[in-house]
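A.B. asks: When you get a sec, could you give me coordinates for this:
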Amino acid sequence: MFVLVVARASTDQTLKNKNLMQPQNQHAEMGTGGASIEKQECPSCRSLFIRGMRFCRQCGYRLGEGVEEYVETRRFSGMPPAASSVATAATPASVRSASVEEKWGAAPMARMNAAPLEPLRPFSLREMRSSNCIKRMNWTGWVVLGVAVTMVASGGFIFKPISQWRGDQGVSTSAPRSFFGTQSFEDADVGDGALITSVTLPDSPAAQAGLIGGDVITSFDGQPVEDEDEMRELLAATPVGKTVEVIYLRDGETKQATLTTISSKEFKEIDFGDRPEGEGFLGLDPGDLERVAVPGTKIYGVQLGDVYRNRPGYLAGLREGDVVIEFNGTLIRTEKEFLSRINEALPDSTVKAVVMRGGERLEIPVKMGRD
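C.D. replies: Presented below is the predicted three-dimensional model:
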């Protein structure tokens with residue numbers, strides 16, 4: 001009597017669990033012959049379907065599964081029993097699904113145990129072409145494959161960080177590198193060499209060695225320099241703190257300087273706008289300056305464009321078309337060097353500007369304004 005009560009309670013609990021996993025909305029209809037057909041409503045799309053279905057035929061929503069769908073874990077012969085085998089043995093046979101041996105017999109299991117596993121091998125291109133993986137690949141897949149091949153072939157070159165293309169020396173800024181105080185390099189106007197666009201002020205190794213913007217470096221640490229790229233490579237390969245010899249051209253003359261490189265992280269460029277006096281101001285259009293050769297000489301200068309009226313430069317006598325070759329005691333050969341010297345000049349101070357106008361050399365005193 002006690003055994004029957006326990007079995008009935010177990011069966012009732014199983015049916016209760018199964019009903020909880022099924023949708024609750026049910027409908028009854030009369031089928032052919034007067035038989036009642038129970039239907040349920042999909043919780044996702046609200047479509048009606050015959051009770052007992054596992055998936056909705058309209059939207060594919062999974063309706064749940066009952067205890068009768070539980071499949072026990074089967075182990076092959078010769079393997080140690082697991083702890084879960086006790087629980088599996090206690091599961092009623094009516095709840096468990098039939099094993100492979102019960103469904104298909106012992107022959108398939110024997111073949112599975114006897115057949116050795118073949119080692120994995122890579123697919124050949126011929127096999128991939130004959131398979132459906134390439135036939136089904138759309139244009140997006142081909143683009144991804146092309147990018148991957150390009151990355152491998154180039155060593156990730158096209159995906160280098162942007163920081164490796166920035167910085168005053170054109171090399172990576174992620175690690176300390178040799179630095180001697182130049183803002184950037186350009187190819188020389190004529191012949192081989194790397195032209196310095198501007199020297200970082202005021203205490204950089206380049207400034208202390210007497211270099212200025214417009215100097216063309218032809219040799220660095222005993223190595224010839226053909227262009228700006230080679231100059232950057234040589235500088236990147238130079239250890240921090242090494243003393244090197246620099247051979248350069250200025251106004252057609254060969255000169256020599258010795259300097260000691262420092263770490264780029266040790267040097268901080270001065271922002272003259274942070275000074276109590278502020279930056280110097282002249283009243284020119286920075287985008288209208290041009291580096292030009294001075295006729296009849298071997299030197300270059302910076303030709304002025306628009307000179308704003310009622311500004312310090314115009315009031316001092318500077319005019320459009322003047323070619324500045326010296327400013328505040330420094331030779332001017334590039335636009336960036338000229339702008340750096342303007343910013344460096346103290347407001348309300350008087351500096352001397354040397355310009356070429358119509359073949360005539362003029363010295364003009366300029367009282368600096370405040371930016």
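A.B. asks: Could I get the contacting residues of residue 180?
C.D. replies: Taking CB atoms under 8 Å, 6 or more residues apart in numbering, we find residue 180 in contact with 204, 205, 206, 209, 235, 259, 260, 261, 262. Every C-beta, even on glycine, is put in place using the N, C-alpha and C of the backbone.
A.B. asks: dump the residue contacts of residue 289.
C.D. replies: 302, 303, 304, 305, 335, 338, 339.
A.B. asks: ok so, going back, which of the contacts of residue 180 sit farthest apart?
C.D. replies: 209 and 235 (14.4 Å; CB to CB).
A.B. asks: quick one: which of the two has more around it?
C.D. replies: residue 235 (25 against 17; other CB atoms under 10 Å).
A.B. asks: Count residues in the vicinity of residue 183, would you?
C.D. replies: So residue 183, with other CB under 10 Å, has 20 neighbours.
A.B. asks: Could you chop the chain up by domain?
C.D. replies: Domain assignment for the chain by automatic domain parsing gives 178-263, 275-370.
A.B. asks: related to what we said a few turns ago, mind listing which of the contacts of residue 180 are in strands?
C.D. replies: Counted as lying in strands by DSSP state E, out of those, are 259, 260, 262.
A.B. asks: who does the last one bridge with?
C.D. replies: Spelled out, it's residue 262. residue 179 (DSSP bridges).
A.B. asks: Test my guess that it contacts residue 242.
C.D. replies: No: using CB atoms under 8 Å, residue 262 makes no contact with residue 242, being 10.0 Å away.
A.B. asks: still on that earlier bit, may I see the domains of the chain organised as TSV, with distance to residue 43 and mean pLDDT added?
C.D. replies: As requested, these are exported to TSV (distance: least, CB to CB, whole Å; pLDDT from 0 to 100):
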stretch	distance to residue 43	mean pLDDT
domain 178-263	65	91
domain 275-370	67	94
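A.B. asks: With distance to residue 54 as extra columns, can I get these in a markdown table?
C.D. replies: Formatted as a markdown table, the domains of the chain follow (distance: least, CB to CB, whole Å):
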| stretch | distance to residue 54 |
| --- | --- |
| domain 178-263 | 66 |
| domain 275-370 | 73 |
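A.B. asks: Would you mind telling me which of these is nearest residue 142?
C.D. replies: domain 178-263 (34.4 Å).
A.B. asks: Quick one: the ones in strands among the contacts of residue 180 as TSV, columns for neighbour count and distance to residue 46 too.
C.D. replies: Rendered in TSV, the data for the ones in strands among the contacts of residue 180 read as follows (neighbours: other CB atoms under 10 Å; distance: CB to CB, whole Å):
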residue	neighbour count	distance to residue 46
259	20	82
260	14	81
262	18	75
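A.B. asks: returning to that earlier point: nearest to residue 347 among the contacts of residue 289?
C.D. replies: Of all the contacts of residue 289, residue 339 has the smallest distance to residue 347: 15.7 Å, by CB to CB.
A.B. asks: Which helix or which strand is home to residue 217?
C.D. replies: When elements are assigned from DSSP states H and E, residue 217 belongs to strand 216-220.
A.B. asks: and of the ones in strands among the contacts of residue 180, the nearest to residue 148?
C.D. replies: Using CB to CB, the ones in strands among the contacts of residue 180 come closest to residue 148 at residue 262, 41.3 Å.
A.B. asks: Identify the residues contacting the closest one.
C.D. replies: Listed by CB under 8 Å, 6+ apart, the contact set of residue 262 reads 178, 179, 180, 205, 240, 241.
A.B. asks: Run a quick neighbour tally on the last one.
C.D. replies: This means residue 241. Residue 241, neighbours per other CB under 10 Å, totals 11.
A.B. asks: Likewise for the first one?
C.D. replies: A total of 23 residues lie near residue 178 under the criterion other CB under 10 Å.
A.B. asks: So it sits against residue 243, correct?
C.D. replies: No: Residue 178 is beyond contact range of residue 243, at 11.3 Å (criterion: CB under 8 Å).
A.B. asks: Parallel or antiparallel, list what pairs with the strand holding residue 217.
C.D. replies: strand 194-196 (antiparallel), strand 223-224 (antiparallel), strand 243-250 (antiparallel).
A.B. asks: got the buried residues for the first one?
C.D. replies: By that I understand strand 194-196. For strand 194-196, a neighbour-count test (16 or more other CB atoms under 10 Å) marks 194, 195, 196 as buried.
A.B. asks: list the residues that contact both of residue 262 and residue 242?
C.D. replies: Counting by CB under 8 Å, 6+ apart, the residues touching both residue 262 and residue 242 are residue 178.
A.B. asks: Now residue 59. Its backbone dihedrals?
C.D. replies: Main-chain torsions, residue 59, degrees, to the nearest 10: phi -120, psi -10.
A.B. asks: doesn't residue 42 make contact with it?
C.D. replies: Yes: the pair residue 59 / residue 42 is scored as a contact, 6.7 Å apart, by CB under 8 Å.
A.B. asks: re the thing from before, okay, and which of the contacts of residue 289 map to strands?
C.D. replies: 302, 303.
A.B. asks: Could you turn the buried ones of the contacts of residue 289 into a ChimeraX selection?
C.D. replies: Those of those that count as buried under 16+ other CB under 10 Å are selected in ChimeraX with:
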select :302,303,304,335,338,339
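A.B. asks: burial measure for the residue lying closest to residue 244 once chain neighbours are set aside, as a count.
C.D. replies: Spatial nearest neighbour of residue 244, chain neighbours left out: residue 221 (3.9 Å); criterion: CB to CB, 6 or more residues apart in numbering. Each residue near residue 221 was counted by other CB under 10 Å, and the total is 16.
A.B. asks: So residue 221 sits against residue 243, correct?
C.D. replies: No: counting by CB under 8 Å, residue 221 sits too far from residue 243 to count as a contact (9.1 Å).
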